[in-house]
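*Asks:* no letters, just coordinates:
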């Protein structure tokens, strides 16, 4: 019994000792200070000025270089159509033949009348000369001389009239052959053999269009025109005289037309319904790829910006109002915010008008982890890619 009592006492003692040790250790535990958060790392791109060729992409349509609507110049019966619809015709090629018989008869009649008038003229002239000599000797009266001179003038006038009639009849006979005034592609014929036509009728017999070269008309808004003129005046945009008038063309399927065109003129009148002016360019079309009325997009060159600033699009964010902005790393290593004014997108980059200067370090990656005024660590710094003045800067309207 004594041994059992000793074991119980010893157990109670050990329990008390352990409880006291745990209590003391709990009293000595104090809250330890948390380590400071690491400085966020960001990737930046250094802003550089570069030379960029700016272009504008405008929608437009093609139109024929020359259009000739074929109409008869005399009345008559169409004997034969002498061309194949949809084929290429040459200037001077005969297209229709009107029955020439009535015009040939009119010409023959006029020639006969002219011959008769010219045959009578010498006799009347000699009679007038004899009367002129006889009136001196008072062999004939002055009235007879006057009548002879009048008859001479009338005979001369008759000869002149019939000569003009012969010329008119010859022209009408030539008009019986309807020929092409220009070279080009002719469309469908609106008349068939045996049709009766009238001179200068409102409905053309056929239409010829010259397709090589071909026009491309693109509208440009007056707002863009004024902006371009202002930038040229401010010297922020320079003209490149060598290729300034060159225009490229994109077809309806998005492919680039292989041949360059030349800007011919800018219209001086503004369309009041659209507020735009027409730019007309001329494109070579040797293979007939371009047809009148096709929808295309013309890429016209504005000029060269020798001090352009381009930054990747991923470096630009928007504030709650939608205004563009960018985060930059200032010289003291802290984050700053810059409000931007963007001109246009160039590939995967933005052309910045205002808000950045050469040497600024724009944050590309890690923007979500920083805020203005916070210190950051630059993980990598890459120079902005250069454009090498390639004509890739486009603005679509």
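*Replies:* Great, that's in hand. What you see is a predicted model, and the numbers here were worked out from it, not measured in a lab.

*Asks:* the helix or strand containing residue 262: what's the following helix or strand?
*Replies:* Using DSSP states H and E, residue 262 sits within strand 261-266. Using DSSP H and E, the helix or strand that follows strand 261-266 in sequence is strand 276-283.

*Asks:* right, and the helix or strand after that following strand?
*Replies:* In N-to-C order, the element after strand 276-283 by DSSP H and E is strand 295-312.

*Asks:* which strands or helices does that next one pack on?
*Replies:* Contact partners of strand 295-312 among helices and strands, from 3 or more Cβ pairs under 8 Å, 6 or more residues apart in numbering; DSSP states H and E: strand 49-70, strand 206-221, helix 222-233, strand 246-250, strand 276-283, strand 349-354, strand 393-396. The C-beta positions use only the backbone N, C-alpha and C, and glycine is treated the same way.

*Asks:* pairing partners for the strand holding residue 262, with directions?
*Replies:* With DSSP bridges as the test, strand 261-266 is paired with strand 246-250 (antiparallel), strand 276-283 (antiparallel).

*Asks:* mean pLDDT, mean neighbour count and distance to residue 350 added to the ones you listed, as TSV?
*Replies:* Formatted as TSV, those follow (pLDDT from 0 to 100; neighbours: other Cβ atoms under 10 Å; distance: least, Cβ to Cβ, whole Å):
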stretch	mean pLDDT	mean neighbour count	distance to residue 350
strand 246-250	87	20	22
strand 276-283	86	20	26
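
*Asks:* any chance of these in a markdown table, plus distance to residue 214?
*Replies:* Shown next, in a markdown table, are those (distance: least, Cβ to Cβ, whole Å):
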| stretch | distance to residue 214 |
| --- | --- |
| strand 246-250 | 10 |
| strand 276-283 | 6 |
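
*Asks:* closest to residue 334 out of those strands?
*Replies:* strand 246-250 (45.8 Å; Cβ to Cβ).

*Asks:* show me what that closest one is in contact with.
*Replies:* With Cβ atoms under 8 Å, 6 or more residues apart in numbering as the test, strand 246-250 has contacts from 55, 57, 216, 256-257, 260-263, 281, 283, 296-301, 391.

*Asks:* now that strand against strand 295-312, angle please.
*Replies:* The directions of strand 246-250 and strand 295-312 differ by 100 degrees, with axes from the mean of the first three to the mean of the last three Cα atoms, to 10 degrees as the criterion.

*Asks:* and the angle for strand 246-250 with strand 49-70?
*Replies:* Using the same axes, to 10 degrees: strand 246-250 against strand 49-70 is 80 degrees.

*Asks:* how about the strand holding residue 262: buried residues?
*Replies:* For strand 261-266, a neighbour-count test (16 or more other Cβ atoms under 10 Å) marks 261, 263 as buried.

*Asks:* tell me how far the ends of stretch 125-144 are from each other?
*Replies:* Stretch 125-144 has an end-to-end distance of 14 Å (Cα to Cα, to the nearest Å).

*Asks:* would you mark the buried spots in it?
*Replies:* 127, 128, 131, 135, 140.

*Asks:* low-confidence stretches in the stretch 201-350 of the chain?
*Replies:* Low-confidence segments of the stretch 201-350 of the chain, defined by pLDDT under 70: 228-229, 231-244.

*Asks:* residues contacting stretch 183-203, please?
*Replies:* With Cβ under 8 Å, 6+ apart as the criterion, stretch 183-203 contacts 64, 66, 68, 71-81, 83, 85-91, 95-96, 98, 180, 204-211, 288.

*Asks:* oh, that last question was meant for stretch 123-141, not what I typed.
*Replies:* Residues contacting stretch 123-141 (Cβ under 8 Å, 6+ apart): 142, 144, 145, 148, 149, 151, 152, 155.

*Asks:* skipping its backbone neighbours, what lies nearest the first one in space?
*Replies:* Once flanking residues are discounted, residue 142 sits nearest to residue 135: 5.9 Å by Cβ to Cβ, 6 or more residues apart in numbering.

*Asks:* same question, the second one
*Replies:* When the adjacent residues along the chain are set aside, residue 144 lies closest to residue 131, with 5.8 Å between them (Cβ to Cβ, 6+ apart).

*Asks:* ok so the one you found is a helix residue?
*Replies:* Yes: counting by DSSP: H, G, I helix; E, B strand; the rest coil, residue 131 falls inside a helix.

*Asks:* and it, how far from residue 156?
*Replies:* 16 Å (Cβ to Cβ, to the nearest Å).
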